[in-house]
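Undergrad: everything below, folded, please.
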Amino acid sequence: MAIEDIGLVGINVRMWRYLAVLYPTPGSSWRKFAFVLPVMALNLMQFFYLLRMWGDLPAFILNMFFFSAIFNALMRTWLVIVKRVQFEQFLAQLYILFHSIFDSADERGRVILRRAEREARRLAILNLSASFLDIIGALLSPLFREERAHPFGVAFPGVNMTRSPVYEVVYLAQLSSPLLLSMMYMPFVSLFAGMAIFGKAMLQILVHRLDQIGGKEQSEEHRLRLLTACIRYHIRVMGYVRELNGLVTNILAAEAIIFGSIICLLLFCLNIITSPTQVISIVMYIFTMLYVLFTYYNRANDLSLENNRVAEAVYNVPWYEAGIRFRKTLLIFLMQTQRPLEIRVGNVYPMTLAMFQSLLNASYSYFTMLRGFTSK
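TA: Okay, the predicted model is just below:
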């Protein structure tokens, strides 16, 4: 059984293996360059287009959104390429942890893992489908405009992009963007979500195992052995979350800044445009960014909440039925579970729904300040 057969990360890892972003071979390494370089060229041409659109504020903001989204997708992909060894080592750790549970005699643990696999697989399919349809909408939007325009505004010094046959060639080249950008943008989100779901599932299994400790039929030695196994298991879960945080914390900080700024600008753009098509597009883009942010923060928040339930489960272990050694060990374990187990943005702020709300509040505050300045 390979890592791709684990439903938590299978769809995303299989996609990245084919593109040689992960697990490249001498015969497939060229694929990652064929995958990334055209998108880098598109992003560079978007930048040239932004310089030309400086005087037209609504158009500038809309194209800034596309530029930022594609730049963000490139940033995610390059992060995985540069940190490929660390990602592959982390996935190997996930594989070992998954099979240590799935191949054990713990039937309840297998049920929890199967449920987590279904949840992660559904989320990965939803993310890819939503991203694909979102970009299809962007491809169709130029058809409803009076002037010639490309789905993603591009420019190149000395070239008139609206003159035939350049316009048609560039438009046809961008027709592959739904597939290309969906495979670049969403797998990172789904992979992060699958890893966080697995962390939550491991904590749920730990809670179940702690609930099995106690009862007059258990000897003192057996209870202590069960408790010691739970402590070792918790240490492995803490190591897993710590390594996941190390892989993604910096990119999450960059995305929080990018997404917060773009949401603010898109809200401002809604106040100055009159075209119904553009209004619908902007609302769709805002909801897309909110969905991606919510996916991140909601899964990380679930992980933190489940860790709190572990502390409650430790507290509820019937310590009064056991001896002094068991009680001391349980007390040390209880102190260990009080340490927050969370993913942090830039190793500073915990990824919780409260932090998600604070980010939205900050975006709205900057939007109202910007609107106030321009209305004077």
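Undergrad: and V166, how many neighbours?
TA: As a burial measure, V166 scores 13 neighbours (other C-beta atoms under 10 Å). Bear in mind the C-beta positions are built from the backbone N, C-alpha and C, glycine included.
Undergrad: does it touch N160 like I think?
TA: Yes - at 6.6 Å, V166 counts as touching N160 under the criterion of C-beta atoms under 8 Å.
Undergrad: how about stretch 303-319: buried residues?
TA: Buried residues in stretch 303-319, defined by neighbour count with 16 or more other C-beta atoms under 10 Å: L303, S304, E306, N307, R309, V310, A311, A313, V314, V317, W319.
Undergrad: can you put those residues in TSV and add secondary structure?
TA: As requested, the buried residues of stretch 303-319 are arranged in TSV below (DSSP: H, G, I helix; E, B strand; the rest coil):
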residue	secondary structure
L303	helix
S304	helix
E306	helix
N307	helix
R309	helix
V310	helix
A311	helix
A313	helix
V314	helix
V317	coil
W319	helix
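Undergrad: possible to save those as JSON lines with distance to Y349 and pLDDT?
TA: JSON lines is the format used below for the buried residues of stretch 303-319 (distance: C-beta to C-beta, whole Å; pLDDT from 0 to 100):
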{"residue": "L303", "distance to Y349": "15", "pLDDT": "92"}
{"residue": "S304", "distance to Y349": "12", "pLDDT": "91"}
{"residue": "E306", "distance to Y349": "19", "pLDDT": "92"}
{"residue": "N307", "distance to Y349": "17", "pLDDT": "91"}
{"residue": "R309", "distance to Y349": "22", "pLDDT": "92"}
{"residue": "V310", "distance to Y349": "22", "pLDDT": "92"}
{"residue": "A311", "distance to Y349": "22", "pLDDT": "90"}
{"residue": "A313", "distance to Y349": "27", "pLDDT": "92"}
{"residue": "V314", "distance to Y349": "27", "pLDDT": "91"}
{"residue": "V317", "distance to Y349": "33", "pLDDT": "89"}
{"residue": "W319", "distance to Y349": "35", "pLDDT": "84"}
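Undergrad: which two in the residues you listed are spaced the farthest apart?
TA: Spanning the widest gap among those are L303 and W319, at 26.6 Å by C-beta to C-beta.
Undergrad: elements contacting the helix with the most length in the chain?
TA: Longest helix of the chain, by residue count under DSSP state H: helix 220-270. Contacts defined by 3 or more C-beta pairs under 8 Å, 6 or more residues apart in numbering; DSSP states H and E place helix 220-270 against helix 57-82, helix 84-102, helix 177-211, helix 276-315, helix 324-337, strand 344-345, helix 353-374.
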